[in-house]
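> quick one, what's the 3D model for this:
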Amino acid sequence: MLQANGLVLIDSLLDNGRSQSRTLFLVLAGSMLLTLSAKVQVPFYPVPMTLQTLVVLLLGVVFGWRMGVTTVLAYLAQGAMGLPVFAGTPEKGLGLLYMAGPTGGYLIGFVLAAAVTGWLAERGLDRSVIGTAIAMVAGNVVIYACGLVWLSTFVGMDKAVTFGMAPFLFGDLVKIALATVMLPMVWKFLNRHQL
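Residues are numbered from 1 along each chain as shown. Below you'll find the predicted structure:
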């Protein structure tokens, strides 16, 4: 059984504890990073890749489940108010109309994925390569599950899988590999310098 120590990466980086103003700053900075990750497209095969899912998963792991979820909810609230924070906005619409569209399930999945990866990080899974891979894959599965169920109501499950998951799998594997290498290295670095 996984034991929670509650310590996540942000706690080690900012060892002075969390104040309300620092938490608010981190949540806003995280939501801005999420917006930026939605707008940046990396040329990739078979479709261009954004870094959005990577940032969602990392927000959960680095911030823990509560602050990770709060950050993603702040991002969604900004989008609901009509700010062009989502991938493809403003061209593909804004606000609640965009959120209720075909990609709405993925947005819901972002919240749940931040919760899952944050919960697993609070139990120390982000400190090893295998644990980080498990946390990242679990978060990605949650995003796909929510996204595909919602998208299937628009196009059916076969097309949802064909167009809403299959083209993105390789890119997501690359992002998971990056996180799997990066997070344990950061923890090792911190542990060496805190002795």
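
> CA atoms for contacts and neighbours, from now on please.
Fine.

> in what helix or strand does the residue lying closest to residue 127 once chain neighbours are set aside lie?
Using C-alpha to C-alpha, 6 or more residues apart in numbering and skipping the chain neighbours, the partner closest in space to residue 127 is residue 184 (4.6 Å). Here residue 184 is covered by helix 169-193, with elements defined by DSSP states H and E.

> name the helices or strands packed onto that helix?
Helix 169-193 is packed against helix 9-13, helix 52-63, helix 129-155, with contacts defined by 3 or more C-alpha pairs under 8 Å, 6 or more residues apart in numbering; DSSP states H and E.

> quick one: the second one to helix 169-193, angle?
So that's helix 52-63. Calculated by axes from the mean of the first three to the mean of the last three C-alpha atoms, to 10 degrees, helix 52-63 forms an angle of 20 degrees with helix 169-193.

> buried ones in stretch 177-190?
Buried residues in stretch 177-190, counting neighbours by 16 or more other C-alpha atoms under 10 Å, are found at 177, 179, 180, 183, 184, 185, 187.

> got a list of what the most centrally placed residue in the chain touches?
The residue lying closest to the centre of the chain (C-alpha atoms, centre = their mean) is residue 56, at 1.2 Å. Contact analysis of residue 56 by C-alpha atoms under 8 Å, 6 or more residues apart in numbering lists 34, 68, 72, 110, 113, 114.

> quickly find the element holding the fourth one.
In this structure, residue 110 is located in helix 104-121 according to DSSP H and E.

> which residues does that helix contact?
By C-alpha under 8 Å, 6+ apart, helix 104-121 touches 8, 53, 56-66, 68-69, 72-73, 76, 98-99, 126, 135-136, 138-140, 142-151.

> and those, which of them are buried?
8, 53, 56-65, 68-69, 72-73, 76, 98-99, 126, 135-136, 138-140, 142-151.

> okay, now the unreliable bits of this protein?
Regions of the chain meeting the criterion pLDDT under 70 cover residues 1-5, 15-18, 46, 194-195.

> about what we covered before: would you list the helices and strands packed on helix 169-193 in JSON lines and tack on distance to residue 42?
As requested, the helices and strands packed on helix 169-193 are arranged in JSON lines below (distance: least, C-alpha to C-alpha, whole Å):
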{"stretch": "helix 9-13", "distance to residue 42": "27"}
{"stretch": "helix 52-63", "distance to residue 42": "11"}
{"stretch": "helix 129-155", "distance to residue 42": "19"}
